[in-house]
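Participant: Fold the following, please.
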Amino acid sequence: MCTLIVLDRVVPGLPMVAASNRDEFYSRPAAPPARVEPQEEQDPAFVAPQDLEAGGTWMGLNARGLFVGLTNRRAAAPRTDRRSRGHLVLEALRRPTARVVAEDMRQGLEETYNPFHLFYGDGRQSFFTCLSEEGAETRELGPGTHVICSRDPADPGSGKVRHIQNAVARIDLGGAFDRIFEGLVEVLTEHGEGEDPLEHVCVHTPGYGTRSSAILALGEERWRYWHAEGAPCQAKFRNYTRLLDELRERPAFEERTWTCEENR
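Facilitator: The predicted structure is shown next:
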């Protein structure tokens, strides 16, 4: 996943809203979101799509409300003998809170994975771990809009991050959720005006591009999940909320604040 937008504790009634595009080679197989049962009795179940080549995932949400999202960081010479970074997301989703994940990020990353950016939050705390060729760094994030792509979020040369930040800033986060949803879809489908297609939000090249998109809204009373299998400028967002209703192990119900169609 090469674009991750997180509205972290800034939307009234929704501690976290996440929107993402996954960019990958078209030849790499993947499966849509599904429930994954715990390996150990104390672990939470979670919902996530799956990378069918290496067995990992690029994002997911567990039964305790922990969201984890990964973007690969650009590197000069990625090692072919390293573990797939998608397994890092699976391991994080088996933890109960964002704080526990942060404690696990203290050692061993440099010898195991190629560079990455990892966001993880549970509506109370959020953290960002960056593994670069210089080493790993983890920091806690305050409430706000977080935009994470394939380069350092603080990189002043990242026009893509600045463009997304400006686009999200135009969305009225205090308004109806339908308008927030539509605004995020509009951001995810943008192709941009630059010559480098990899700097676009929705990527199209002959062998590589945006393979899927997702929007999650973690409400205080209910969680919602939409997934588009394909580039969001072409594919339809479909509602996968039933997976989260079952994940949270509580009866599904409708809220007046939710009016988005079941299949978009």
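
Participant: where along the stretch 101-250 of the chain do the helices fall?
Facilitator: 159-169, 177-188, 241-247 (DSSP state H, counting those that start in this stretch).

Participant: Redo those helices as CSV? Include distance to Trp58 and mean neighbour count.
Facilitator: (Glycine included, C-beta is placed from N, CA and C.) Supplementary listing: the helices of the stretch 101-250 of the chain in CSV, determined by distance: least, Cβ to Cβ, whole Å; neighbours: other Cβ atoms under 10 Å:
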stretch, distance to Trp58, mean neighbour count
helix 159-169, 18, 17
helix 177-188, 15, 19
helix 241-247, 17, 17
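
Participant: wait, which of those helices is closest to Pro206?
Facilitator: Taking Cβ to Cβ, helix 159-169 is the member of the helices of the stretch 101-250 of the chain nearest to Pro206, at 20.4 Å.

Participant: what's the angle from the closest one to helix 177-188?
Facilitator: Between helix 159-169 and helix 177-188, the angle comes out at 160 degrees (axes from the mean of the first three to the mean of the last three Cα atoms, to 10 degrees).

Participant: Just list what helix 159-169 packs against, helices and strands only.
Facilitator: Using 3 or more Cβ pairs under 8 Å, 6 or more residues apart in numbering; DSSP states H and E as the contact criterion, the elements in contact with helix 159-169 are strand 3-11, strand 144-148, helix 177-188.

Participant: List the contacts of the second one.
Facilitator: Strand 144-148 is contacted by residues 3-10, 69, 71, 117, 119, 126, 128, 153, 161, 164-165, 168-169 when judged by Cβ atoms under 8 Å, 6 or more residues apart in numbering.

Participant: Generate a ChimeraX selection restricted to the buried entries among those residues.
Facilitator: One line in ChimeraX is enough to select the buried ones among the contacts of strand 144-148; burial here means 16 or more other Cβ atoms under 10 Å:
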select :3,4,5,6,7,8,9,10,69,71,117,119,126,128,153,161,164,168
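
Participant: So Phe46 versus Ala34, what's the distance?
Facilitator: 10 Å (Cβ to Cβ, to the nearest Å).

Participant: now Arg238
Facilitator: Between Arg238 and Ala34 the computed distance is 14 Å (Cβ to Cβ).

Participant: When these two are compared, which one has more neighbours?
Facilitator: Set side by side, Arg238 and Ala34 show more neighbours around Arg238, with 16 against 12, by other Cβ atoms under 10 Å.

Participant: does that one really touch Trp226, like I thought?
Facilitator: Yes - the pair Arg238 and Trp226 passes the contact test of Cβ atoms under 8 Å, sitting 6.7 Å apart.

Participant: Which pLDDT value belongs to the closest residue to Arg95 other than its chain neighbours?
Facilitator: Across the structure, with Cβ to Cβ, 6 or more residues apart in numbering as the measure, the residue nearest Arg95 apart from its sequence neighbours is Val101 (4.8 Å). Reported pLDDT at Val101 in the predicted model: 96.

Participant: what do you get for the one 4 residues further on?
Facilitator: Reported pLDDT at Met105 in the predicted model: 86.

Participant: Can you give me the buried ones in stretch 102-115?
Facilitator: When neighbours are counted by 16+ other Cβ under 10 Å, the buried residues of stretch 102-115 are found to be Ala102, Met105, Leu109, Tyr113, Asn114, Pro115.

Participant: tell me the two of these that are most distant?
Facilitator: Taking Cβ to Cβ, the two most distant members of the buried residues of stretch 102-115 are Ala102 and Asn114; they sit 20.6 Å apart.

Participant: Who are the contact partners of Gln39?
Facilitator: Neighbour list for Gln39: Arg94 [criterion: Cβ under 8 Å, 6+ apart].

Participant: how near is it to Pro115?
Facilitator: Using Cβ to Cβ, Gln39 is found at 27 Å from Pro115.

Participant: what does Glu37 give?
Facilitator: From Glu37 over to Pro115 (counting by Cβ to Cβ), the distance is 31 Å.

Participant: got it, and Met105?
Facilitator: Counting by Cβ to Cβ, the gap from Met105 to Pro115 is 14 Å.
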